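A.B. asks: The sequence and its predicted three-dimensional model are supplied below.
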Amino acid sequence: MSRIILIETATSVCSVALAENGKVVASRISDDPRAHASLTAPFVKEVLEGESVSSCDAVCVSKGPGSYTGLRVGVSTAKGLCFGAGIPLLSAGTLDSLVSQASLEGLLPEGCRHVVPMIDARRMEVYCAVFTPDGRQLTQTAPTVVEGNTFDPWLSEGPVLFIGDGAEKCRRTIVHPNAVFVQCNPVAASLAPLAEKALQEKRLEDIAYFEPFYLKQFTATVSRKKLF
């Protein structure tokens, strides 16, 4: 029996779950965008319910794209757990996780031809890619400024699900009868089938050198507030 700790911190939602043989048996979630650093490790302890991390076969973390700070927290926690317990590190793309979530939660519209997971960036920009409903990625993950005709080639083929925390802001721009929008955040439970497959295929990450998929580099800004 496989047991995998799942960690999702790529957006404003922080969540942790425990999967056994690809099925989620415990989960914790918080929508406090400032609580990732303080809640991720305690959530791991809670889903294990007294069991040690070493009782698990691996830890799987959502690797991005997404929030720079959130990804750092999730990946750092996952690395620490793996290093301390001597178990493998797995990862899955945040966009892949959203496609998985659409399937697991029954969000795919009837006759759905494509899924476009979207992570909010800024203004009308999202991190996105086009997938088939069964999780096959068709286009490269990229920061995209959404315009009215951006997804017309796929919308012309049939229903397209736009899902993620960047979906709702695109509703007024993407005006097409085949466009379906679901505003949501990725959650750890959606990593379960992806993590199970990665473990079976032995697609393990290097604990020492693994880094999140930021897609864009972090840009620091100088506060305008006077400290003195």
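C.D. replies: Looks like it came in fine.
A.B. asks: so how far is residue 84 from the residue nearest the centre of the chain?
C.D. replies: Computing the C-alpha centroid of the chain and ranking residues by C-alpha atoms, centre = their mean puts residue 94 first, at 2.8 Å. To residue 84, residue 94 is 25 Å away according to C-beta to C-beta, to the nearest Å. Every residue, glycine included, has its C-beta placed from N, CA and C.
A.B. asks: what does residue 35 give?
C.D. replies: According to C-beta to C-beta, residue 35 stands 23 Å off from residue 84.
A.B. asks: circling back to that earlier point, skipping its backbone neighbours, what lies nearest the residue nearest to the centre of the chain in space?
C.D. replies: Leaving aside its chain neighbours, residue 94 sits nearest to residue 10 (4.4 Å; criterion: C-beta to C-beta, 6 or more residues apart in numbering).
A.B. asks: Looking at residue 35 and residue 84, which is more packed in?
C.D. replies: Each of residue 35 and residue 84 has its neighbours counted (other C-beta atoms under 10 Å); residue 35 has more, 15 against 11.
A.B. asks: Contacts only, for the residue lying closest to the more buried one once chain neighbours are set aside.
C.D. replies: Among residues not flanking residue 35 along the chain, residue 14 sits closest, at 6.1 Å (C-beta to C-beta, 6+ apart). By C-beta atoms under 8 Å, 6 or more residues apart in numbering, residue 14 lies in contact with 8, 29-30, 32, 35-36, 39-40, 43, 70, 73.
A.B. asks: Residue 153 versus residue 14, what's the distance?
C.D. replies: 36 Å.
A.B. asks: next one: residue 9
C.D. replies: 33 Å.
A.B. asks: more crowded one of the two?
C.D. replies: A direct count of neighbours by other C-beta under 10 Å for residue 9 and residue 153 places residue 9 higher, at 33 against 10.
A.B. asks: Quick check, the more buried one in contact with residue 76.
C.D. replies: No: counting by C-beta atoms under 8 Å, residue 9 sits too far from residue 76 to count as a contact (9.7 Å).
A.B. asks: ok, now how distant is the nearest residue to residue 12 once chain neighbours are set aside from residue 127?
C.D. replies: Counting by C-beta to C-beta, 6+ apart, residue 12 lies nearest to residue 33, which is 3.9 Å off, once chain neighbours are set aside. As for residue 33, its distance to residue 127 is 17 Å (criterion: C-beta to C-beta).
A.B. asks: do the same with residue 138
C.D. replies: As judged by C-beta to C-beta, residue 138 and residue 127 stand 16 Å apart.
A.B. asks: Tell me which of these two has more neighbours.
C.D. replies: residue 127 (25 against 12).
A.B. asks: Which stretches in the protein count as helices?
C.D. replies: Listed in chain order, the helices found in the chain under DSSP state H are 36-48, 68-85, 94-104, 152-155, 192-200.
A.B. asks: so which of these comes closest to residue 145?
C.D. replies: Nearest of the helices of the chain to residue 145, taken as C-beta to C-beta: helix 152-155 at 15.1 Å.
A.B. asks: Just the buried positions in that closest one, please.
C.D. replies: 154-155 (16 or more other C-beta atoms under 10 Å).
A.B. asks: Remind me what it packs against, helices and strands.
C.D. replies: For helix 152-155, there is no helix or strand it packs on, judged by 3 or more C-beta pairs under 8 Å, 6 or more residues apart in numbering; DSSP states H and E.
A.B. asks: which outside residues touch that helix?
C.D. replies: The contact list for helix 152-155, computed with C-beta under 8 Å, 6+ apart, reads 113-114, 116, 130, 160, 174, 176, 178-179.
A.B. asks: thinking again about what came up before, roughly how far apart are the residue nearest to residue 35 and residue 8?
C.D. replies: Taking C-beta to C-beta, one finds residue 14 at 8 Å from residue 8.
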